[in-house]
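In: let me see the structure of the following:
(one chain, ligands or ions: 1)
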Amino acid sequence: MPWWRRSLTTAVQAKPGLHVSELAPYACLPELSRGRRHAEPETPAHAPSFRNPHQRDRDRIVHSTAFRRLVYKTQVFLNHEGDLFRTRMTHSLEVAQLGRSIARALHLNEDLVEAIALAHDLGHTPFGHAGQDALNECMAAYGGFEHNLQSLRVVDELEERYPAFNGLNLSFETREGILKHCARRNAELLNAQEPGGIAARFLNGTQPSLEAQLCNLADAIAYNAHDIDDGVRSGLLTLEQLQEVSLFARYHAQTLSEYPQLQGRRVLYETIRRMLSDQVYDVINTSRTAIGTHAPASAEDARQCPSLVQFSAAMHEESKALKSFLFRNLYRHPQVMQTTDGARAVVQELFAIYLAEPQEMPASYAQRDDVPRAVADYLSGMTDRFATREHARLAQ
Ligand code: MG
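Out: Residues are numbered from 1 along each chain as shown. So this is what the prediction gives:
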């Protein structure tokens, strides 16, 4: 019998009909989920349950409209600039991959990590950060626009898939992970609607679940690595420039000393691969130690501890230095800025048009009383190319 069949058989025998995992007591155990906003049976009447709540969340996210739009939303480079650059979709898949690897090593809830990772950027506007900044400015007088909060709005309100409620009705734990940051004023508003719910931690200074903490780190590890790749591919970053980044320089030198004949892309890929591994192992080792020291007895206990899923102090500094390098040399590169300036204008002009003529939006948005928020919801849901087409149609 092949090994995989043997382990599958053992797993199925251990817990017939259930998802099998070896979760630590500090993980978010699916059976202890704080549940959904709208009551619904976890087990469908017509079929035996073979998915836990967090698997269901993941599946709902994958089947959502907002998820499919991520294919055509900019990460750093606009979608039409090249076929091989990351989009929000491939970025989210990379975050899920890194997150799941680390989750398994730490015996955290891998399904929950996957759900959070796949949903974490659902609220992003078209055209990356330029689009987000522009929309935030347009919304300044109407409560602002935050992409994390918008990701939550997408899964709580904007997806239209169920007969009995708006949104995807995800579990508390997935929603908690999606709301990564939140301004205090918005946290107060959310907490008034949902007392002691997912926004409470921004008011009482506690941490989110370890799975949510992990997704934040996996997000940073993913974009730091893939933005180097995309930056070099685009010709905006050079290997010489990257020598000032210690994390890159170390593994670049190591790669060349082990493979002196290696040239071209493979040098870059091998360097990035080693950087990724180093960061992943650093998180696993540092977090194991921190978890061992604080010994949280439950997921709830872990929320009361300081942040436990983390880089070592040295890796934290190196990661920060890489991020700041990318900010200075890639995100603020004149060529990136030039295209993003155009994108900013598209968002600003579309916002003004819809605000003045809500009937240009589909009826479900046009008929809402809160016109500015309806415009923000509609605009932020657009893909880059749809926004460009709408702009061509309306801004004469
Ligand atoms: Mg992200």
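
In: how about the nearest residue to the closest residue to the ion within the stretch 51-200 of the chain, chain neighbours excluded?
Out: Closest residue of the stretch 51-200 of the chain to the ion, C-beta to the ion: Asp121 (4.7 Å). Backbone N, C-alpha and C define where each C-beta goes, glycine included. Closest residue to Asp121 apart from its sequence neighbours, by C-beta to C-beta, 6 or more residues apart in numbering: Arg88 at 5.0 Å.

In: residue contacts, that neighbour?
Out: Going by C-beta atoms under 8 Å, 6 or more residues apart in numbering, Arg88 touches Leu70, Val71, Lys73, Thr74, Gln75, Asp121, His124.

In: can you check Glu94 too?
Out: Arg86, Ala222, His226.

In: now do Pro306
Out: Contacts of Pro306 (C-beta under 8 Å, 6+ apart): Gln207, His294.

In: what's the answer for the one 5 residues further on, then?
Out: With contacts defined as C-beta under 8 Å, 6+ apart, Phe311 is in contact with Leu217, Gln279, Asp282, Val283, Thr286, Ser319.

In: and the fifth one, what's its pLDDT?
Out: Thr286 is assigned a pLDDT of 98 by the prediction.

In: who's in contact with stretch 175-191?
Out: 112, 115-116, 119-120, 122, 143-144, 146, 148-149, 151-152, 155-156, 170, 197-203, 208-209, 211-212, 215-216.

In: what about that stretch, start to end distance?
Out: 13 Å (C-alpha to C-alpha, to the nearest Å).

In: in the chain, which residue is most central in space?
Out: The residue lying closest to the centre of the chain (C-alpha atoms, centre = their mean) is His120, at 2.9 Å.

In: nearest spatial neighbour of His124, chain-adjacent residues omitted?
Out: Using C-beta to C-beta, 6+ apart, the nearest residue to His124 is His147, at 5.1 Å.

In: pretty sure that neighbour sits against Asp121.
Out: Yes - His147 is within contact range of Asp121, at 7.5 Å (criterion: C-beta atoms under 8 Å).

In: now the residue of the stretch 51-200 of the chain closest to the ion, what's its secondary structure?
Out: coil (DSSP: H, G, I helix; E, B strand; the rest coil).

In: phi, psi of it?
Out: Taking degrees, to the nearest 10, you get phi -110, psi 20 for the backbone angles of Asp121.

In: same for the helix or strand where Lys320 lies, what does it pack against?
Out: According to DSSP states H and E, Lys320 maps onto helix 313-326. Helix 313-326 sits against helix 210-234, helix 246-258, helix 265-294, with contacts defined as 3 or more C-beta pairs under 8 Å, 6 or more residues apart in numbering; DSSP states H and E.

In: put the alpha carbons of the second one into CSV.
Out: As requested, the backbone C-alpha atoms of helix 246-258 are provided in CSV (Å, rounded to 0.1, in the frame of the first residue of the first chain):
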residue,chain,number,x,y,z
SER,A,246,21.2,42.5,3.4
LEU,A,247,18.6,39.6,3.1
PHE,A,248,19.0,39.6,-0.7
ALA,A,249,22.8,40.2,-0.8
ARG,A,250,23.4,37.3,1.6
TYR,A,251,21.5,34.7,-0.5
HIS,A,252,22.7,36.2,-3.8
ALA,A,253,26.3,35.7,-2.7
GLN,A,254,25.5,32.2,-1.4
THR,A,255,23.9,31.2,-4.6
LEU,A,256,26.8,32.4,-6.8
SER,A,257,29.3,30.7,-4.6
GLU,A,258,27.5,27.4,-4.8
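
In: now that helix: buried residues?
Out: Across helix 246-258, burial judged by 16 or more other C-beta atoms under 10 Å covers Leu247, Phe248, Tyr251, His252, Thr255.

In: now the residues you listed in CSV, with distance to the ion and pLDDT?
Out: As requested, the buried residues of helix 246-258 are exported to CSV (distance: C-beta to the ion, whole Å; pLDDT from 0 to 100):
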residue, distance to the ion, pLDDT
Leu247, 19, 96
Phe248, 20, 97
Tyr251, 23, 97
His252, 25, 97
Thr255, 27, 97
